[in-house]
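Colleague: 3D model of this:
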Amino acid sequence: RRVVKRRPLKYLMSIPPNELPPIQDMPPRGGYPQIKFERHLPSRGPKGWQIWAGATLAIAFGFNQVRRCNNERNQEKLQERANRYAIAPILQAEEDRKYMIREYIALKREAEIMKDVPGWEVGKNHYNSKKWFPRAVDDFKQSLIG
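Modeller: Numbers count the residues shown, from 1 in each chain. Sure, this is the predicted structure:
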């Protein structure tokens, strides 16, 4: 038989499997530490219901602001309209007075221009019409005096 010189195990690159007993790895005493396998991901923003709640509140606030502004605008328009209705008779009287003065001056001018025309009536409507004309409103001389 041939004698095989054995080297120490630390120098061998591979050992034939039939020469050594199998060695099984065992856990350390007390066991391995527990492995944490849950996922701990950072929060990526608000939850869905929070987004819906925020959007609903923002929309409700916006509609409330629109309602308030519309009510204020309507109150301002109502006040403005009431003011205009209140001063309308005063403004109308002022315009009527100005019209009367202009018309009186126009009638004086017409009388001066047409004084040589026989049968001419100052201030009379010479058109055959049934429509209203401002000339027929009142006696101008009495309106200016009174």
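Colleague: and for Ile105, the neighbour number?
Modeller: The burial count assigned to Ile105 is 11, neighbours taken as other Cβ atoms under 10 Å. In short, each C-beta sits where N, CA and C put it, glycine included.
Colleague: name the helix or strand for it, please.
Modeller: Assigned by DSSP states H and E, Ile105 belongs to helix 48-113.
Colleague: report pLDDT for His126.
Modeller: Model confidence at His126, expressed as pLDDT, equals 69.
Colleague: same deal with Val3?
Modeller: On the pLDDT scale, Val3 gets 65.
Colleague: poorly predicted segments of this structure, please.
Modeller: Where the chain drops to pLDDT under 70, the residues are 1-22, 125-126, 132-146.
Colleague: which residue is nearest the centroid of it?
Modeller: With distances taken as Cα atoms, centre = their mean, the residue of the chain nearest its centroid is Val66 (7.2 Å).
Colleague: let me see the contact set for Leu78.
Modeller: For Leu78, the contact set (Cβ atoms under 8 Å, 6 or more residues apart in numbering) is empty.
Colleague: state the distance from it to Ala111.
Modeller: 49 Å (Cβ to Cβ, to the nearest Å).
Colleague: likewise Val122?
Modeller: 4 Å.
Colleague: ok, Asn71 next?
Modeller: For Asn71 relative to Ala111 (Cβ to Cβ), the value is 59 Å.
Colleague: Lys130 too?
Modeller: Look at Lys130 and Ala111: by Cβ to Cβ, they are 26 Å apart.
Colleague: higher neighbour count, those two?
Modeller: Ranked by neighbour count (other Cβ under 10 Å), Lys130 and Ala111 place Ala111 first, with 13 against 4.
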